[in-house]
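> sequence isn't available, so here's the structure alone:
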């Protein structure tokens, strides 16, 4: 039987896995379709596929997106003036989510925690490379 604490932890993991993959996907598609850069797109796709844990069906069962207390869009989330803004917002979203996953998974799986730490550091590297590439265009 799942305890309330486990259910809440599953919700946290589910939300951050989704946020991580969504942020990566936005950047992946920008590098793929706007920049036509296969190397960046492939590295991001690989990271997105690494952003999995073995208990995803349990996480889905704990999802309560309609009851999320911060479900409403914040006004600053609506401001994106250019592609650079999209890149920054989505890299940061993904990095922050990877950090939450890294920390939360220390409670249940040191191996998974280390994987998300690795994803976070790869995102830092990719952010620098992609933004330098975009700035050079």
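All right, it came through fine. These numbers come from a predicted model, not from an experiment.
> so what's residue 126 up against?
When contacts are counted by C-beta atoms under 8 Å, 6 or more residues apart in numbering, residue 126 touches 27, 40, 43, 44, 47, 91. Bear in mind the C-beta positions are built from the backbone N, C-alpha and C, glycine included.
> which of those residues are buried?
Buried members of the contacts of residue 126, scored by 16 or more other C-beta atoms under 10 Å, are 27, 40, 43, 44, 47, 91.
> just checking, which of the residues you listed belong to helices?
Secondary structure of the buried ones among the contacts of residue 126 is defined by DSSP state H; positions in helices are 27, 40, 43, 44, 47, 91.
> closest one to residue 3 out of those, please.
Nearest to residue 3, judged by C-beta to C-beta, of those is residue 47 at 31.8 Å.
> quick check, central residue of the chain?
For the chain, the residue lying nearest the average C-alpha position, counting by C-alpha atoms, centre = their mean, turns out to be residue 20 (1.1 Å).
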